[in-house]
Each structure stands twice: as C-alpha cells, then as structure tokens.
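Student: Dropping a prediction and its sequence here:
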Amino acid sequence: MSSANPVALIIGMGPGLSAALAQRFAAGGYVIAGFARSPEKSAALAAELAEQGHKLDLRTVDAGDFAALASAVRAVEDQLGPVEVLVYNAYSATLAVPSQIPLDALVADFRVNVGGALAAAQAVLPAMQARGKGSILLTGGGLALDPTGWLPAASLAVGKAGIRNLAQSLHKEMEGSPIRVGTVTVTGQILPGTPLAPETIAQRFWELHSTPAPAPVEIIL
C-alpha cells in the first residue's frame, strides 16, 4: 500500500552518514526506504525513527547487482509510493596502491561506486520525469579532487571521480527540467563533533534537494 508521504530512497543504508540522512529526510516528512547488503545494521535506527513517528523500510539489496537494484526500486514504488528523492551513498573499496589493485576487484568496486548509481538513477528517472519532480543526490569524496593523498584507496578514488563526472553530466542532461541532480563532495573523514559530522553533511544534502532552482551541481565540504 502506498504511503501518503513522499519517499526518499537511500542506497548504501547503514550507520553514520546514511543514518543521519534518514533522520534528516524523515524530519522533512519523507518515508525512508533503505537498501543495504546488511540492513540489520540499521534495525536500531528503524526502531528509533518509528518511536518518532517516522517509517524506515529496510531491504537487502546489492548495489552492484543492477537488475536486482532496478527490481527493488520498482518494488518500493509499488509498495511505498514514488521515489521523490534518491540518495546514492553506497561504495566499495579494495585497499591497494594503483600498481597492485587486482583488475577484477577494481571493476567490482566500480560497479558499486558508479554503476549502481547510474542503474538507480535510470530506475527512478522515468517516474520522476512523469511527475515533473525529483532529486538524485550522490555522495562524492575528496579523492575525486586529489587521488594522491591516500594511494591505497585508489579504487575508491576512481569511483569518486566517476561519481563526480556522472553527477555533472546527468545534471547537464536534466538542465531546464524539474529534476535535480547533484553531489555533496566530502573532502575529509566523517566524524561526530567536527565540521564533517554526519548530521552536518546530511543537512547539506537536504539543502541541495530543497534550494530553489537552479540548484548547484556540487557542494564541497
């Protein structure tokens, strides 16, 4: 049964930033759907949101499985209602310097880091365009701007560069339409009590979604 409230779908659901994103968008009146390989890690958050009168619908989905991802998006729209906000926060990283990364691992990471984001965007876009409303928000990283500061994270750096490119190109494609596309690029470690606290970053996602058009393509923190 569809909800009367709009749906925000967070892919890569878990503690930390995803939990803060769920809290922020729930406070904004959204039903939250969360996809994760291990959604049980967010069970406590679901209970907390329920106590606050909000809904968090958790589902087991592998962001690197494009067909399963698209099917799960359709199920959410059939059961909860149209996805008005997509937040892609999933990532995969193989720790190795560039010369030592197994190529299969690099490709597998890229499927999650970039391919899943595009698959999810393609899954939600038709309904967003039909309704004339929607936001696609991607979590970026400082490694996209400078990949040399943490060489063992080379596969993640490639992925974050891809996410930034995808956000910019999809933003350009949607230019002039009511569909918002953007990325919040986080240039350091996410830690409570710092300028990069999860709730601070989540607020910037909310601002990217809610700022009157034309919204920027990127917020760099």
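Tutor: Happy to help now that I have it.
Student: Now G182: which helix or strand?
Tutor: Take DSSP states H and E as the rule and G182 turns out to sit in strand 179-186.
Student: now do L9
Tutor: Taking DSSP H and E as the criterion, L9 maps to strand 7-11.
Student: ditto for G64
Tutor: Going by DSSP H and E, G64 is not in any helix or strand.
Student: Check A44 too.
Tutor: Element membership for A44 (DSSP H and E) is helix 43-51.
Student: Following that helix in sequence, what is the next regular element?
Tutor: Immediately after helix 43-51, counting by DSSP H and E, sits strand 56-60.
Student: buried stuff in the following helix or strand past that following strand?
Tutor: Of the helices and strands lying after strand 56-60 in sequence (DSSP H and E), the nearest is helix 66-79. Residues of helix 66-79 classed as buried by neighbour count (16 or more other Cβ atoms under 10 Å): 66, 69, 72-73, 76-77. The way it works is simple: take the backbone N, C-alpha and C, and place the C-beta from them, glycine included.
Student: Just flag the most distant two among these.
Tutor: Taking every pair in the buried residues of helix 66-79 and measuring Cβ to Cβ, the maximum separation is 16.9 Å, between F66 and E77.
Student: show me what contacts the residue nearest in space to the middle of the chain?
Tutor: Centroid-nearest residue in the chain: Y88, 1.6 Å away (criterion: Cα atoms, centre = their mean). Residues in contact with Y88 (Cβ atoms under 8 Å, 6 or more residues apart in numbering) are 11-12, 116-117, 120-121, 136-139, 163.
Student: and G53, how many neighbours does it have?
Tutor: 7 (other Cβ atoms under 10 Å).
Student: Quick check: it vs A27, distance?
Tutor: Look at G53 and A27: by Cβ to Cβ, to the nearest Å, they are 10 Å apart.
Student: Now do the nearest residue to V186 once chain neighbours are set aside, the pLDDT please.
Tutor: Sequence neighbours aside, L221 is the residue nearest to V186 in space, at 5.3 Å (criterion: Cβ to Cβ, 6 or more residues apart in numbering). With respect to pLDDT, L221 scores 87.
Student: and the closest residue to P198 other than its chain neighbours, what is it in contact with?
Tutor: With Cβ to Cβ, 6+ apart as the measure, A20 is the residue that lies nearest to P198, at 3.6 Å, once sequence neighbours are left out. Residues in contact with A20 (Cβ under 8 Å, 6+ apart) are 198-199, 201-202.
Student: And the next helix or strand past the strand or helix carrying A20?
Tutor: A20 is part of helix 17-27 when elements are defined by DSSP H and E. Next helix or strand after helix 17-27 toward the C-terminus (DSSP H and E): strand 31-36.
Student: From the contact counts, what lies against that following strand?
Tutor: strand 7-11, helix 17-27, strand 56-60, helix 66-79 (3 or more Cβ pairs under 8 Å, 6 or more residues apart in numbering; DSSP states H and E).
Student: Outside of the last one itself, list whatever touches it.
Tutor: Outside of helix 66-79, the residues within contact range by Cβ under 8 Å, 6+ apart are 1-2, 7, 9, 11, 33, 35, 57, 59, 61-63, 83, 111, 115-116, 119-120, 122-124, 127.
Student: Starting from R204, give me the distance back to P212.
Tutor: Applying Cβ to Cβ, the value for P212 to R204 is 16 Å.
Student: Could you do A67 as well?
Tutor: Counting by Cβ to Cβ, the separation of A67 from R204 is 32 Å.
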